[in-house]
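Peer 1: Using only what follows, build the 3D model:
(chains A, B, C and D)
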Protein chains: 2
Amino acid sequence: MSDADKGPARGRPRTMNAEQVLDVAMKAYWHSDPADVSVNTICQMAGISKPSLYREFGSEDGLSRAALERYADQVLAEMFVMLHGGQGLRGTLAALIDFASDDPRMETGCLFYKMRAGKHRLGRDTRARVEEIDATAQAAYAAFLQAARDAGEWPEGLSVAVGAKYLGEQIALAITQRASGEDPARIREMLTLALSVFTRP
Amino acid sequence: MSDADKGPARGRPRTMNAEQVLDVAMKAYWHSDPADVSVNTICQMAGISKPSLYREFGSEDGLSRAALERYADQVLAEMFVMLHGGQGLRGTLAALIDFASDDPRMETGCLFYKMRAGKHRLGRDTRARVEEIDATAQAAYAAFLQAARDAGEWPEGLSVAVGAKYLGEQIALAITQRASGEDPARIREMLTLALSVFTRP
DNA sequence: TCATTTTTATACTATCCGGTATTTTATGTC
DNA sequence: GACATAAAATACCGGATAGTATAAAAATGA
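Peer 2: Model prediction:
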């Protein structure tokens, strides 16, 4: 409410569009690698000055955290929806396989997995958020698998916790392979093979 | 023969021991991350000056390539031996699982996999060597699996090429998880699960 | 003793990084 | 038009990087 005022009315009007800058940053981090994108290049790509960026985001950590947040809202949210889709074990796994191996947005990998892989290079806040998202994702996988188990679709001798971790890592692996230019058909084959352990006869 | 002369006899005698420097570099790259170790810190750790290092290795790329070569000789060679051990499919897979999930040398990960993961940050020669080793490893996995297939131990409907790639990636995943501090027992569980696709009843 | 050779040690360059101090510019208000 | 305000643009700072020019040191040969 306090910030929703139409215009500050005083001072030079801002030309910087925070949303657009964030979009540029998210895509830059996403399509290359968070560790290889400097604030300088982001300013250049977004056509703004460094002080403007720092006024808006405070620090590089603030910017990368905001970019990750945006990515979580725009992309990861969709994955979470898949897990609550209410299709059975096989149907949901098939959807995950489709997403990881053929969704065009994953062609250059996943920003979240890239950040997680280079966790130690991130700032404090961004790293904390990465760990938070990781825990959330693992919980979602576990809930999904638990539901399948409750429905009787579950191999003997496998704990839900290990299965959830395994499922998450296999998807991460598949998407990371997308980023390295691997043939999607082959990625699909390997991911299907890996996840076949959940649907053994 | 030309370089095997006992001593150059002229000039100030060198105090730098190339083997020892290479050992320091290899371990530094290995135990942290190739991209996070500068030539400055290696000089410091090895107690030598920068010009000495550059005279011996030419460039950072030359040093990292030499370090990778040493790693291949000292560590990777052992993995290749495992694949030609002549134990059956199950025996060799068990040995690989042991190595990836419990060998103390893999506690901080694998230098080769670390370099492969950050391939784009490497110099030209080092990157080329990484790709070479990658191809060699994949061929070794394929030969091992082909032998198992010839011996009749093979699941239907799986190509050796995909199986080899899959096997290699699962081992890389397990060892990478070691480096990130994951519980070895859990890594073993997941890797065993992943490789169970080769020994299905 | 003095010159030659080869390695070492020190100091330096150029570039990039994240972050900031300073100045300019564009607006609303009086 | 004069003034206050807030943003933008420019230029800068300190530090780290890969790589190098230069000088000092330690050996041999004469």
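
Peer 1: Can you tell me which helices and strands the helix-or-strand element of chain A with minimal mean pLDDT packs against?
Peer 2: Taking mean pLDDT, DSSP states H and E as the measure, chain A has helix A:77-83 as its least confident helix or strand, at a mean of 94. Here helix A:77-83 touches helix A:89-102, helix A:124-150, going by 3 or more C-beta pairs under 8 Å, 6 or more residues apart in numbering or on different chains; DSSP states H and E. C-betas here are computed from N, CA, C, even on glycine.

Peer 1: Recalculate using a threshold of 6 Å.
Peer 2: helix A:124-150 (3 or more C-beta pairs under 6 Å, 6 or more residues apart in numbering or on different chains; DSSP states H and E).

Peer 1: who touches the least confident helix or strand of chain A?
Peer 2: Residues outside helix A:77-83 that contact it (C-beta atoms under 6 Å, 6 or more residues apart in numbering or on different chains): A:95, A:140, A:144.

Peer 1: Counting neighbours, which of these comes out on top?
Peer 2: A:F144 (23 neighbours; other C-beta atoms under 10 Å in any protein chain shown).

Peer 1: Once you drop chain neighbours, what's closest to it?
Peer 2: A:L83 (4.5 Å; C-beta to C-beta, 6 or more residues apart in numbering or on different chains).

Peer 1: and the one you found, how many residues sit next to it?
Peer 2: A:L83: 20 neighbours (other C-beta under 10 Å).

Peer 1: what does A:E19 give?
Peer 2: 9.

Peer 1: need the contact list for it.
Peer 2: Taking C-beta under 6 Å, 6+ apart, one finds nothing in contact with A:E19.

Peer 1: Buried residues of the helix or strand hosting it, list them for me.
Peer 2: A:E19 is part of helix A:18-31, with elements assigned from DSSP states H and E. Within helix A:18-31, the residues that count as buried by 16 or more other C-beta atoms under 10 Å in any protein chain shown are A:21-22, A:24-30.

Peer 1: can I get these in JSON lines with pLDDT and distance to DNA strand D?
Peer 2: Below are the buried residues of helix A:18-31 laid out as JSON lines (pLDDT from 0 to 100; distance: C-beta to the nearest atom of the strand, whole Å):
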{"residue": "A:V21", "pLDDT": "98", "distance to DNA strand D": "10"}
{"residue": "A:L22", "pLDDT": "98", "distance to DNA strand D": "14"}
{"residue": "A:V24", "pLDDT": "98", "distance to DNA strand D": "14"}
{"residue": "A:A25", "pLDDT": "98", "distance to DNA strand D": "16"}
{"residue": "A:M26", "pLDDT": "98", "distance to DNA strand D": "19"}
{"residue": "A:K27", "pLDDT": "98", "distance to DNA strand D": "20"}
{"residue": "A:A28", "pLDDT": "98", "distance to DNA strand D": "18"}
{"residue": "A:Y29", "pLDDT": "98", "distance to DNA strand D": "21"}
{"residue": "A:W30", "pLDDT": "98", "distance to DNA strand D": "24"}
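
Peer 1: From these, pick the one nearest B:P104.
Peer 2: Top of the list for closeness to B:P104, among these and by C-beta to C-beta, is A:Y29 at 35.5 Å.

Peer 1: What's the local residue count around the residue of chain A found nearest DNA strand D?
Peer 2: Across chain A, no residue is closer to DNA strand D than A:G11, which sits at 1.9 Å (C-beta to the nearest atom of the strand). Neighbour count for A:G11, taken as other C-beta under 10 Å: 6.

Peer 1: swap in A:F198?
Peer 2: Quick note: A:F198 (other C-beta under 10 Å) scores 19 neighbours.

Peer 1: Give the phi and psi angles for A:K114, as a check.
Peer 2: phi -60, psi -40 (degrees, to the nearest 10).

Peer 1: need the contact list for it.
Peer 2: A:33-34.

Peer 1: for DNA strand D, what are the nearby residues on chain A?
Peer 2: Counting by C-beta under 7 Å from any atom of the strand, the residues of chain A lying close to DNA strand D are A:8, A:10-16, A:48-52, A:55.

Peer 1: Could you list which of the residues you listed also contact DNA strand C?
Peer 2: A:10-13, A:50-51.

Peer 1: Just among the residues of chain A next to DNA strand D, which is most surrounded?
Peer 2: A:I48 leads these on contacts (other C-beta under 10 Å) with 20 neighbours.

Peer 1: Roughly how far does the closest residue to that residue other than its chain neighbours sit from A:A128?
Peer 2: Excluding its sequence neighbours, the residue lying closest to A:I48 (C-beta to C-beta, 6+ apart) is A:M16, at 5.0 Å. Separation of A:M16 from A:A128 (C-beta to C-beta, to the nearest Å): 27 Å.

Peer 1: Which secondary structure element is home to the residue positioned nearest the centre of chain A?
Peer 2: Central residue of chain A (C-alpha atoms, centre = their mean): A:F112, 3.6 Å from the mean position. Secondary structure assignment for A:F112, by DSSP H and E: helix A:111-117.

Peer 1: can you check A:R65 too?
Peer 2: Using DSSP H and E, A:R65 falls in helix A:60-71.

Peer 1: Figure out how far that helix is from the centre of its chain.
Peer 2: Centroid separation for helix A:60-71 versus its chain: 12 Å, with C-alpha atoms, centre = their mean, to the nearest Å.

Peer 1: relative to helix A:18-31, how tilted is it?
Peer 2: 90 degrees (axes from the mean of the first three to the mean of the last three C-alpha atoms, to 10 degrees).

Peer 1: Output helix A:60-71 as CSV, restricted to C-alpha atoms.
Peer 2: Coordinates of each C-alpha in helix A:60-71 appear next as CSV, following Å, rounded to 0.1, in the frame of the first residue of the first chain:
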residue,chain,number,x,y,z
GLU,A,60,25.2,-9.2,-6.5
ASP,A,61,23.8,-11.7,-4.0
GLY,A,62,20.6,-9.7,-3.9
LEU,A,63,20.3,-9.8,-7.7
SER,A,64,21.0,-13.5,-8.1
ARG,A,65,18.7,-14.3,-5.3
ALA,A,66,15.9,-12.3,-6.9
ALA,A,67,16.7,-14.0,-10.3
LEU,A,68,16.4,-17.4,-8.6
GLU,A,69,13.1,-16.3,-7.0
ARG,A,70,11.8,-15.3,-10.3
TYR,A,71,12.9,-18.6,-11.8
